[in-house]
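1. no letters, just coordinates:
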């Protein structure tokens, strides 16, 4: 007995039939004008369809807005505008860049105009205790890193941005700075934020006064301002 090969049913799904059974082995097909017109009409119809609910397509937007509402609600009744400014800084960061500085090695520069009394950037790092800071300071000095990336928040807490921080660690000292540092409290947590003292132009370097304690071993200052004190400490 012999079995006859069943005839293949003609595809009605609009897909092209392949003689060899494999599309990859047959190279490229020349598309005639009729098929091109059909594809063009389909693409136009798809483009004219109304977009789906944007809240479903982009779940991050409502998440950000709910976070904003949560922070704003926690600020309600507070007279301190720093909290609202910090909220704005969180959702709309200033455009900054770090590059070579004439003051010292690397510096932080503005990529957009910044008005006076605006939050520029938060000083981010690891919150550590004084005991840990003393241990790390000695280790950093042995490694040749130095300790200029430590920023004191209060008597008990220090922010260490030496190995874990953001662009704020590149801000250089100046005896005539265009910014200043301020400690604010957000949701029971103290944060260090850099404010602008005056209008800052595009490509102008961000600086603030380190306010190091006076010591016998002096650190030379290279800010180059007219009223330069000569040393950082």
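-> Looks like it came in fine. Bear in mind the structure is a predicted one, so any value in this text is a computation, not a measurement.
2. rest of the way, CA atoms for contacts and neighbours
-> OK.
3. once you drop chain neighbours, what's closest to residue 214?
-> What sits nearest to residue 214 in space, not counting adjacent residues and going by CA to CA, 6 or more residues apart in numbering, is residue 233, at 4.6 Å.
4. what's the burial count for that neighbour?
-> For residue 233, the number of neighbouring residues by other CA atoms under 10 Å comes to 16.
5. for it, what are its contacts?
-> Going by CA atoms under 8 Å, 6 or more residues apart in numbering, residue 233 touches 211, 212, 213, 214, 215, 218, 219.
6. could you do residue 112 as well?
-> Contacts of residue 112 (CA under 8 Å, 6+ apart): 94, 95, 96, 201, 202, 203.
7. and if we set it to 6 Å?
-> With contact set as CA atoms under 6 Å, 6 or more residues apart in numbering, residue 112 has these partners: residue 202.
8. re the thing from before, and the residue nearest to residue 214, what pLDDT?
-> pLDDT, residue 233: 81.
9. can you tell me the SS state at residue 184?
-> Three-state call for residue 184 (DSSP: H, G, I helix; E, B strand; the rest coil): strand.
10. state the distance from residue 185 to residue 175.
-> Distance of residue 185 to residue 175, given as CA to CA, to the nearest Å: 27 Å.
11. then residue 215?
-> 17 Å.
12. quick one: which of these two has more around it?
-> Between residue 215 and residue 175, counted using other CA under 10 Å, residue 175 has the larger neighbour count: 22 against 9.
13. isn't the more buried one up against residue 228?
-> Yes. With contacts defined as CA atoms under 6 Å, residue 175 counts as touching residue 228 at a distance of 5.2 Å.
14. can you tell me which of the contacts of residue 233 are in strands?
-> If you go by DSSP state E, the contacts of residue 233 have nothing in strands.
15. pull the most distant pair out of the residues you listed.
-> Pairwise distances across the contacts of residue 233 peak at 13.0 Å for 211 and 218 (criterion: CA to CA).
16. I'd say residue 181 and residue 194 touch.
-> Yes. Proximity of residue 181 to residue 194 meets the contact threshold set by CA under 6 Å, at 4.5 Å.
17. quick one on the thing from earlier: make JSON lines out of the contacts of residue 233 and add pLDDT and distance to residue 164.
-> Below are these laid out as JSON lines (pLDDT from 0 to 100; distance: CA to CA, whole Å):
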{"residue": "211", "pLDDT": "85", "distance to residue 164": "22"}
{"residue": "212", "pLDDT": "83", "distance to residue 164": "22"}
{"residue": "213", "pLDDT": "81", "distance to residue 164": "24"}
{"residue": "214", "pLDDT": "83", "distance to residue 164": "27"}
{"residue": "215", "pLDDT": "82", "distance to residue 164": "27"}
{"residue": "218", "pLDDT": "85", "distance to residue 164": "27"}
{"residue": "219", "pLDDT": "85", "distance to residue 164": "24"}
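18. among these, which lie within helices?
-> Within the contacts of residue 233, no residue falls in helices by DSSP state H.
19. mind giving me the packing neighbours of the helix or strand harbouring residue 206?
-> Assigning secondary structure by DSSP states H and E places residue 206 in strand 205-208. Applying 3 or more CA pairs under 6 Å, 6 or more residues apart in numbering; DSSP states H and E, one finds that strand 205-208 contacts strand 106-110, strand 172-173, strand 179-186.
20. of all those strands, which one comes closest to residue 133?
-> The nearest among the helices and strands packed on strand 205-208, by CA to CA, is strand 179-186 at 18.8 Å.
21. please name the strands paired to the strand holding residue 206 in the sheet, noting orientation.
-> Taking DSSP bridges as the criterion, strand 205-208 pairs within the sheet with strand 106-110 (antiparallel), strand 172-173 (parallel).
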